[in-house]
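Engineer: need coordinates for the following:
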Amino acid sequence: MDKRRRAKSQKIARQNDEFKTEDNKRRAEAHKIERQNDEFKTEENKKRAEALKIKREEEEYKEEERRRNALRMQNNRDKYKNNFDVMKSNYALKIKEGPTHICSCCDGLWFEYSIREFTAEMLTNKGLKKEFIDTGNLVNVPMNVDTNVSVLPRSFSDTHTIQLKLMRQMKNKNAFMYETIRPKVVHSAVKYLVEQELYKDEGIVISHDWLKEYSNERENFIIDDEDKKFDENENISKDFDDDDKWNECGDKPVNPSTTETLLNDEIGDQNDIGIKFAPGENNRPISILMDLKVDELTFPKIYCGKQRKIKANVKLTYAKIA
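Structural biologist: Numbers count the residues shown, from 1 in each chain. Got it, this is the predicted structure:
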């Protein structure tokens, strides 16, 4: 009698949705705790298998189960096919874009997923000193092409090198860039660049007669006033190049440690060695917003004389471009 009353009262109470939800939670929690026992779990699995076996003897249940299994397999196939189609379309889109991202280490072109963006803090943590990181405002100073091309020597070979010092102003003592360059390589690069539309629009040309006219001519460049006397005495003998008895292998180089590489530090007397060159002197800086081709003309090694093509609906910043 007591069990019947309890079952009847529970049946009435379960008509309340709130009580029913709480009761289901308690039963699920109790069942979860019971299933942690391996014995109970095995026994329950046996009961379920027996009940399922009995149900499968009914044709109606068997047909319903087959329909559910076929529908599940169809959904899985559609899901796999959709995923494959999405992957295929993404691959086609990435291939159309092409490897357009430039690596700052090797200057090669890579796909976006193949490179990783580095920040100034990451480079500093890797050991890059702060003074080698660009800071401050960007100053865009245009250069006079007619003045610049007259600085290069008039005759050169594949192995001929000259020391070039880029100055902000000629009155400055130290150069902000100091390199040893090969004019032959510079001339080959210029021949390619002047054929590009970007440089044609700027009216930059190269004289091919200039190279033929002075290809066999030798001209000494006077860097210091002290070199003028040496140059005058040297020009007395016309055959100085053929009759020279000096043995190159016999003499020891003077201070060879500082001239072993093409990169020289500005120490000692090196401030007076090389061709000083101030390409932006006496030119007024202009805003990079007004100079539409500032990046392409400033970095010919990256753009190779090509105008950057900006895609529609793409937000670009100088951080992303860099």
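Engineer: can I see the domain layout of this protein?
Structural biologist: As given by automatic domain parsing, the domain ranges for the chain are 2-55, 143-234+268-321.
Engineer: what is the burial count for the closest residue to residue 163 other than its chain neighbours?
Structural biologist: Of all residues not flanking residue 163 in the chain, residue 274 sits nearest, at 3.3 Å (C-beta to C-beta, 6 or more residues apart in numbering). (Each C-beta comes from the backbone N, C-alpha and C, glycine too.) When neighbours are defined as other C-beta atoms under 10 Å, residue 274 has 19 of them.
Engineer: contacting residues for residue 274?
Structural biologist: For residue 274, the contacting residues are 162, 163, 164, 165, 178, 223, by C-beta atoms under 8 Å, 6 or more residues apart in numbering.
Engineer: in contact with the third one, which residues are there?
Structural biologist: Pointing back at residue 164 there. 178, 179, 180, 181, 274, 275, 277.
Engineer: if we use 6 Å, what do you get?
Structural biologist: 179, 181, 275, 277 (C-beta atoms under 6 Å, 6 or more residues apart in numbering).
Engineer: wait, a helix at it?
Structural biologist: No. Looking at residue 164 with DSSP: H, G, I helix; E, B strand; the rest coil, it is strand, so not inside a helix.
Engineer: for it, report the pLDDT, please.
Structural biologist: As predicted, residue 164 sits at a pLDDT of 83.
Engineer: name the spans of this structure whose pLDDT lies under the cut-off.
Structural biologist: Applying pLDDT under 70 to the chain picks out residues 1-2, 128-138, 143-159, 208-273, 318-322.
Engineer: show me where it has its helices.
Structural biologist: Ranges of helices within the chain are 2-13, 17-34, 38-55, 59-97, 120-125, 145-148, 183-193, 197-201, 208-213, 226-234, 294-298, 300-303, 318-321, based on DSSP state H.
Engineer: any chance of CSV for those helices, columns mean neighbour count and distance to residue 103?
Structural biologist: CSV is the format used below for the helices of the chain (neighbours: other C-beta atoms under 10 Å; distance: least, C-beta to C-beta, whole Å):
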stretch, mean neighbour count, distance to residue 103
helix 2-13, 9, 71
helix 17-34, 10, 54
helix 38-55, 10, 57
helix 59-97, 10, 16
helix 120-125, 12, 14
helix 145-148, 12, 29
helix 183-193, 14, 21
helix 197-201, 14, 23
helix 208-213, 10, 34
helix 226-234, 10, 44
helix 294-298, 16, 17
helix 300-303, 14, 11
helix 318-321, 10, 14
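Engineer: which one of those lies nearest to residue 110?
Structural biologist: helix 59-97 (11.6 Å; C-beta to C-beta).
Engineer: now do that closest one and helix 38-55, the angle between them.
Structural biologist: Per axes from the mean of the first three to the mean of the last three C-alpha atoms, to 10 degrees, the angle that helix 59-97 makes with helix 38-55 is 110 degrees.
Engineer: circling back: which of the contacts of residue 164 ranks first by neighbour count?
Structural biologist: residue 277 (17 neighbours).
Engineer: how far away is that residue from residue 77?
Structural biologist: Look at residue 277 and residue 77: by C-beta to C-beta, to the nearest Å, they are 70 Å apart.
Engineer: thinking again about what came up before, could the helices of the chain be laid out in CSV, adding distance to residue 109?
Structural biologist: As requested, these are exported to CSV (distance: least, C-beta to C-beta, whole Å):
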stretch, distance to residue 109
helix 2-13, 73
helix 17-34, 57
helix 38-55, 59
helix 59-97, 11
helix 120-125, 22
helix 145-148, 29
helix 183-193, 18
helix 197-201, 18
helix 208-213, 31
helix 226-234, 46
helix 294-298, 16
helix 300-303, 10
helix 318-321, 14
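Engineer: which one of those lies closest to residue 310?
Structural biologist: With C-beta to C-beta as the criterion, residue 310 lies closest to helix 318-321 of the helices of the chain, at 9.9 Å.
Engineer: quick check: which of the helices of the chain is nearest to residue 286?
Structural biologist: Among the helices of the chain, the nearest to residue 286 by C-beta to C-beta is helix 294-298 (8.7 Å).
Engineer: quick one on the thing from earlier: quick one: closest of the helices of the chain to residue 287.
Structural biologist: Nearest of the helices of the chain (C-beta to C-beta): helix 294-298, 9.2 Å.
Engineer: from the contact counts, what lies against that closest one?
Structural biologist: Where contact means 3 or more C-beta pairs under 6 Å, 6 or more residues apart in numbering; DSSP states H and E, helix 294-298 is not packed against any helix or strand.
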